[in-house]
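>>> what follows is a predicted structure for the sequence shown.
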Amino acid sequence: MKIALVAQDVQLEQQAGTSEDAQLTELSRSLAGCGHKVTVYTRKHHASQPARVAAGGVRVIPLGPVTDGQDPLDGMSAFTGLLRTSWTKNRPDLVHAVRWDSGLAALAASRDLGIPLVQAFGSLGVAEQRHKLALGAAGTARMRLEPAIGRGAVAVLAANSDQAADLAHLGVPRSSVRVVPCGIDTDQFAPEGPVAARNSRPRLVTVTDYTEQSEISTLLRAMSRVPEAELIVAGGPLRAELSGLKEYQALSGLAESLGVADRVAFAGQVSRSQLPALLRSADLFVHTATYDPAGIVPLEAMACGTAVVTPASGAPADAVVDGTSGILVEPGRPALLAQRIRHLLARPMLIEGYGLAAADRVRSRYSWDRIASEIIAVYDHALTLTEAA
């Protein structure tokens with residue numbers, strides 16, 4: 001099968017460091033490993049950026065125009081035209097678009113060419129609006145276009161159960177929606193491997209980009225009720241650059257006022273190569289985001305054999321089996337969160353059992369072999385529907 005993956009603003013390089021980059025890298029590599037010819041179409045980051053062949057024989061074709069990246073609709077017409085020209089000359093069997101802007105371009109470029117479109121949104125505007133997140137420069141257009149893109153695709157990949165319900169409310173036929181979660185590299189993220197240095201205190205770890213400031217505040221308040229534990233807050237800019245971040249300043253000040261600053265370490269950015277060792281060093285991974293459509297880091301923690309405490313929403317709620325591989329908690333309740341953490345820390349054998357179950361769940365449900373096979377099944381069904389039409 002000749003597969004065209006359209007991901008306008010994603011780089012097919014794991015060293016770029018973002019989870020989205022890593023997901024696309026692993027997806028394209030896994031599909032190619034199944035014997036399919038995969039071409040990834042992205043936007044150019046600079047005018048002279050050449051086409052190339054990435055790991056696994058995946059072709060990467062950057063198309064113009066170069067934009068500042070602030071508004072995903074900038075240069076959309078030109079990008080769409082270049083996609084259509086490419087597919088007219090070398091027609092793929094199927095197009096898989098990542099995010100709404102890529103879907104908009106792919107839907108327009110494939111019109112009248114008889115190429116089925118499989119759409120993955122990653123995140124939906126209605127969900128971000130519900131959680132009071134900024135929608136960006138194209139927010140109004142995005143809210144209007146996402147339902148149309150979903151209805152225009154032959155199949156839609158929902159990242160979690162909540163997203164599948166949102167798609168149905170937007171008018172996307174339930175029959176075209178399939179829940180396929182993100183995949184995890186279970187070789188890199190596994191219970192076996194190096195462990196980051198730690199002291200004798202029970203260790204909690206969380207990862208944040210500092211956008212969910214109120215959720216981290218809840219965790220800091222919970223820390224004041226868990227006096228024996230330490231908390232490592234990873235993520236965001238490099239540690240040396242944290243002091244210039246207003247969100248860090250506010251959280252650091254809160255930690256001081258709560259009297260927990262000596263037990264809270266803001267580690268800053270942790271590379272993906274160093275992340276598994278940090279996750280293995282934790283007694284518990286405490287996820288704070290109340291909106292997380294992919295749930296990548298909690299899954300990576302689970303893959304490392306670390307029990308997870310997470311709000312009961314989004315992808316983590318699908319992943320964590322409450323009372324078996326971790327704990328689901330109601331968000332925004334620091335006293336309850338502290339109670340659940342203390343309960344677990346007082347029972348190390350229970351934590352160990354949760355960790356074993358967590359690693360087993362990720363290996364069986366979220367390995368890239370399984371995810372790739374599920375996506376290919378969606379592709380096959382989309383091709384069958386297109387041929388029958």
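Noted; the coordinates are in hand.

>>> just the strands in the stretch 101-250 of the chain please.
117-120, 155-158, 177-179, 203-207, 230-234 (DSSP state E, counting those that start in this stretch).

>>> what does the stretch 251-389 of the chain give?
264-268, 284-286, 307-311, 326-329.

>>> contact partners of the third one?
Read that as strand 307-311. The contact list for strand 307-311 (C-beta atoms under 8 Å, 6 or more residues apart in numbering) reads 215, 283-290, 298, 301-302, 316-317, 319-320, 325-331, 337, 340-341, 344, 351, 354-355, 358. (Glycine included, C-beta is placed from N, CA and C.)

>>> only whichever of those are buried, select them in ChimeraX.
Burial among the contacts of strand 307-311 is assessed by 16 or more other C-beta atoms under 10 Å; the matching ChimeraX selection reads:
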select :215,283,284,285,286,287,288,289,290,298,301,302,316,317,319,320,325,326,327,328,329,331,337,340,341,344,351,354,355,358
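
>>> run me through the strand neighbours of the lengthiest strand in the chain, direction for each.
Longest strand in the chain by number of residues, with DSSP state E as the criterion: strand 37-43. Strand pairing for strand 37-43, using DSSP bridges, gives strand 2-6 (parallel), strand 59-63 (parallel).

>>> between those, which gets the lowest average pLDDT?
Of all those, the minimum mean pLDDT falls on strand 59-63 (a mean of 94).

>>> show me what the very next helix or strand once past it is packed against.
Toward the C-terminus, strand 59-63 is succeeded by helix 76-89 as the next helix or strand (DSSP states H and E). The elements that helix 76-89 packs onto, with contact taken as 3 or more C-beta pairs under 8 Å, 6 or more residues apart in numbering; DSSP states H and E, are strand 37-43, strand 59-63, helix 100-109.

>>> and His36, how close does it get to Ala377?
According to C-beta to C-beta, to the nearest Å, His36 and Ala377 sit 13 Å apart.

>>> which one of these two is surrounded by more residues?
Neighbours were counted for His36 and for Ala377 using other C-beta atoms under 10 Å; His36 has more, 18 against 12.

>>> pLDDT wise, what is the more buried one at?
On the pLDDT scale, His36 is placed at 97.

>>> list the contacts of it.
Contacts of His36 (C-beta under 8 Å, 6+ apart): Met1, Lys2, Ile3, Ile376.

>>> and the helices in the stretch 251-389 of the chain?
Per DSSP state H, counting those that start in this stretch, the stretch 251-389 of the chain carries helices over the ranges 275-280, 296-303, 314-319, 334-345, 348-365, 368-388.

>>> and the second one, what does it pack against?
Pointing back at helix 296-303 there. By 3+ C-beta pairs under 8 Å, 6+ apart, helix 296-303 packs against helix 19-33, helix 275-280, strand 284-286, strand 307-311, helix 314-319, helix 348-365.

>>> before we move on, what about the third one?
If you count contacts as 3+ C-beta pairs under 8 Å, 6+ apart, helix 314-319 packs onto helix 161-169, helix 296-303, strand 307-311, helix 348-365.

>>> tell me the mean pLDDT over it?
pLDDT averaged over helix 314-319 gives 94.

>>> can you list the domains in this structure?
2-183+367-388, 203-365 (automatic domain parsing).

>>> quick one: closest of these to Pro191.
Closest of the domains of the chain to Pro191 is domain 203-365, at 3.4 Å (criterion: C-beta to C-beta).

>>> what about the closest one, start to end distance?
Domain 203-365 stretches 27 Å from its first residue to its last (C-alpha to C-alpha, to the nearest Å).

>>> how about stretch 167-181?
Across stretch 167-181, first to last residue, C-alpha to C-alpha, it's 15 Å.

>>> buried stuff in that stretch?
Buried, per 16+ other C-beta under 10 Å, within stretch 167-181: Leu167, Leu170, Val172, Ser176, Val177, Arg178, Val179, Val180, Pro181.

>>> which pLDDT value belongs to the third one?
Spelled out, it's Val172. pLDDT at Val172 comes out at 97.

>>> from Val233, how far off is it?
The value you get for Val172 to Val233, if C-beta to C-beta is used, is 37 Å.

>>> the fourth one now?
In this view, Ser176 and Val233 are 40 Å apart by C-beta to C-beta.

>>> residue contacts, Ile149?
Contacts of Ile149 (C-beta under 8 Å, 6+ apart): Trp100, Gly103, Leu104, Leu107, Gln119.

>>> turn these into CSV, columns for neighbour count, distance to Thr67 and pLDDT.
Converted to CSV, the contacts of Ile149 look like this (neighbours: other C-beta atoms under 10 Å; distance: C-beta to C-beta, whole Å; pLDDT from 0 to 100):
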residue, neighbour count, distance to Thr67, pLDDT
Trp100, 25, 16, 96
Gly103, 28, 18, 97
Leu104, 27, 15, 97
Leu107, 20, 20, 97
Gln119, 31, 22, 98
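
>>> flag every buried residue along stretch 39-58.
Buried residues in stretch 39-58, counted by 16+ other C-beta under 10 Å: Thr39, Val40, Tyr41, Thr42, Arg43, Lys44, Gln49, Ala54, Val58.
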